[in-house]
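Sequence below, structure please.
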Amino acid sequence: MEVWYGADQVPEELRDPSGPGSVVTLGVFDGVHRGHRAVLSRLVARAEDLAAREPGRPRPLAVAVTFDPHPARVHRPGQHLPMVASLADRLTLLSSTGLDAVLVVHYTLDFADQGAADFARTWLEGLLGARAVVVGDDVRFGRGNEGDARTLEEIGTADGLEVEIVRDVLAPSGRRWSSTWVRQLLEEGDVAGAAEVLGRAHRLRGTVVHGLKRGREIGFPTANLQAATAGVVPPDGVYAGWLVRSPGSGEDEGPGEERLAAAVSIGTNPTFDDVPERVVEAHVLGRTDLDLYGEVVGVELVERLRPMLAFDGLEPLLAQMRRDVVRCAAVLGVAVPGPLRPEDVTA
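Take a look at the predicted model:
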């Protein structure tokens, strides 16, 4: 999948009358949840349909237009809106849907001031050579969100642009899949419920930083991420999950990623009461040799094991941590590792 960061990176042949053109969708796609995937699946299928109808013409590209930063952050800068997925993870998830390309548009107030028709004709038809547009029925675009699905249909009728509206895909409960629902579940600590909406485990992402190094001293070394930069972080507690390492710098996911079973602690460590800010600490089961400082990693949360507790001293804390490791291994379906000796920790 190609990624175009701005209009100047879009190939000119895309908009050539004899060129392939494109089938386009648009949205933030935060989390690329099941609802997003329903639209993207139809987008890819529509590109194949057009190619079959016009065998003498190059196959149109299936293209998603997404925005960074999130429009809500631009229009309401004082409102806290953590992203379900970072841009890097969003692009990785989009690449798994069969798209040919993604155009990442830098969202600004000037960009947002375009009228709906101007946006559709300048960006979709003019820049991307759109032959068809596929969107969900909740689509909004243009100044003040004046454009909607009906607006697109009217533009399509006037310009000869095929428009397909994908009606809401609902969960068995009858609720529409949405990023808002994912955030709500994560704020409640229901990471398993969030995974059901997303179609996969929720992933935090951040750079591994130095902590107090207490974990290595007691046989539970951890990789620490600052919670403030990790994404939508659920409530304090202990979770079963996976630490995900990527090839190279960790910015690009791919088939070479390494997934390591981990017990994940989120909070400020009330037993010792000396951690001023919330942190995400991932203890990789059975490993004493991981040097991850400065590396960008993902932490996927599978199930919440328990809330954060304060213990009366080190011994009861260690006993509970050992129980956490045993339960974590059972949840993740991996072998239970033996206890680690502090003197064996090398990183």
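
What are the neighbouring residues in contact with Met83?
By Cβ atoms under 8 Å, 6 or more residues apart in numbering, the contact list for Met83 reads Asp30, His70, Gly231, Val232. Backbone N, C-alpha and C define where each C-beta goes, glycine included.

Just give the number of residues close to the second one.
Here the neighbour count serves as a burial measure; for His70 (other Cβ atoms under 10 Å) it reads 18.

Next: the third one.
Residues lying near Gly231 (other Cβ under 10 Å) number 22.

looking at it, it is touching Ala88, isn't it?
No: the pair Gly231 / Ala88 is not scored as a contact, 11.1 Å apart, by Cβ atoms under 8 Å.

What are the boundaries of the strands in the chain?
Along the chain, counting by DSSP state E, strands occupy 2-5, 22-26, 61-68, 101-106, 130-136, 162-166, 202-209, 223-226, 237-245, 258-267, 279-284, 296-306.

will you turn those strands into CSV that also has distance to Arg37 and mean pLDDT?
CSV is the format used below for the strands of the chain (distance: least, Cβ to Cβ, whole Å; pLDDT from 0 to 100):
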stretch, distance to Arg37, mean pLDDT
strand 2-5, 19, 98
strand 22-26, 11, 98
strand 61-68, 11, 98
strand 101-106, 14, 98
strand 130-136, 11, 97
strand 162-166, 11, 97
strand 202-209, 16, 92
strand 223-226, 27, 85
strand 237-245, 20, 97
strand 258-267, 21, 95
strand 279-284, 27, 92
strand 296-306, 18, 95
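
from these, which stretch is densest packed?
strand 22-26 (a mean of 28; mean count of other Cβ atoms under 10 Å).

Return the alpha-carbon coordinates of that one using CSV.
Provided in CSV are the C-alpha atoms of strand 22-26 (Å, rounded to 0.1, in the frame of the first residue of the first chain):
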residue,chain,number,x,y,z
SER,A,22,-9.7,5.7,-8.3
VAL,A,23,-12.4,4.6,-6.0
VAL,A,24,-12.3,6.8,-2.9
THR,A,25,-13.5,6.8,0.7
LEU,A,26,-12.8,9.4,3.4
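
circling back to that earlier point, now for Gly231 and Ala88: what residues contact both?
Residues touching both Gly231 and Ala88 (Cβ under 8 Å, 6+ apart): Arg205.

Which ones among the contacts of Met83 lie within helices?
When helices are assigned by DSSP state H, not one member of the contacts of Met83 lies inside them.

Identify, from those, the entry nearest to His36.
Using Cβ to Cβ, the shortest approach to His36 within the contacts of Met83 belongs to Asp30, at 8.6 Å.

Looks like that closest one contacts Asp89 (just checking).
No: the pair Asp30 and Asp89 fails to qualify as a contact (Cβ under 8 Å) at a distance of 10.1 Å.

more neighbours, those two?
The residue with more neighbours, out of Asp30 and Asp89, is Asp30; 25 against 20, by other Cβ under 10 Å.

if I look at that one, how far off is Gly241?
From Asp30 across to Gly241, the span is 20 Å (Cβ to Cβ, to the nearest Å).

If we ignore the residues flanking it in sequence, what's nearest Arg341?
Take Arg341 and drop its neighbours on the chain: the residue closest to it by Cβ to Cβ, 6 or more residues apart in numbering is Gly219, 6.0 Å away.

Just read off the phi/psi values of that neighbour.
phi 90, psi 20 (degrees, to the nearest 10).

unless I'm mixing things up, it is touching Pro342, no?
Yes: counting by Cβ under 8 Å, Gly219 does reach Pro342; the two are 4.9 Å apart.

Okay, Val102 and Arg341: tell me how far apart.
From Val102 over to Arg341 the distance is 47 Å, taken as Cβ to Cβ.

Ok, Thr122 next?
For Thr122, the distance to Arg341 - Cβ to Cβ - is 64 Å.

same deal with Ser265?
From Ser265 across to Arg341, the span is 20 Å (Cβ to Cβ).

Likewise for Ala85?
Per Cβ to Cβ, Ala85 is found 38 Å from Arg341.
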